[in-house]
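S.K.: Requesting a structural model of the entry that follows:
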Amino acid sequence: QVKVVESGGGSVEAGGSLRLSCTASGYPFSSLCMGWFHQAPGKEREGVATINSALSTSYADSVKGRFTISRDNAKNTLYLQMNSLKFEDTAMYYCAAKYGPSCRLYDAMDYWGKGTVVNISS
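M.R.: Here you go, the predicted structure:
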């Protein structure tokens, strides 16, 4: 069982920055595929970014060049640096983990956090 906990959400003005953090425990963190997903009000949850054990990353087109996913295996922590935030980035952001080598944005994740709210004011 992997426990996933997000932190770092909040409210900022458009153009601002936020950094989300996520800790995962209960399994060797370095071997997990980790990802960030978001769900805007009235919309389906969708992938934002993933990072695998080899530090290979994938991003949704909507965040490329603005968001950066990274991980610190020594701290069992995943990050999402979000810059140049837009109103449409407003959503609940979820951290998720999965076993296995595949780490694509549309992969089914095995464990989810409860989410952290990001609210961007225009």
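
S.K.: I'd assumed residue 104 was in contact with residue 60.
M.R.: No - with contacts counted by C-beta atoms under 8 Å, residue 60 stays clear of residue 104, the gap being 11.4 Å. Every C-beta, even on glycine, is put in place using the N, C-alpha and C of the backbone.

S.K.: tell me the contacts of the residue nearest the centre of the chain?
M.R.: Centroid check for the chain by C-alpha atoms, centre = their mean gives residue 36 as the closest residue, at 2.0 Å. By C-beta atoms under 8 Å, 6 or more residues apart in numbering, residue 36 lies in contact with 20, 22, 47-50, 69, 78, 80, 93-96.

S.K.: and residue 30, that's in a strand?
M.R.: No - the assignment for residue 30, made by DSSP: H, G, I helix; E, B strand; the rest coil, is helix rather than a strand.

S.K.: Please report how far it lies from residue 74.
M.R.: From residue 30 over to residue 74 the distance is 9 Å, taken as C-beta to C-beta, to the nearest Å.

S.K.: who's more crowded, residue 60 and residue 104?
M.R.: Using other C-beta atoms under 10 Å as the criterion, residue 60 and residue 104 rank with residue 60 on top: 16 against 11.

S.K.: For the closest residue in space to that one that isn't next to it in sequence, grab phi and psi.
M.R.: Distances taken as C-beta to C-beta, 6 or more residues apart in numbering put residue 48 closest to residue 60, at 5.4 Å, once the chain neighbours are dropped. The main-chain torsion angles of residue 48 are listed as degrees, to the nearest 10 and equal phi -110, psi -50.

S.K.: What separation do you get for residue 48 and residue 106?
M.R.: 12 Å.

S.K.: higher neighbour count, these two?
M.R.: The residue with the greater number of neighbours, taking residue 48 and residue 106 and applying other C-beta under 10 Å, is residue 48; the counts read 24 against 8.

S.K.: I'd guessed that one sits against residue 39; true?
M.R.: No - here residue 48 does not reach residue 39: they are 10.2 Å apart, not a contact under C-beta under 8 Å.
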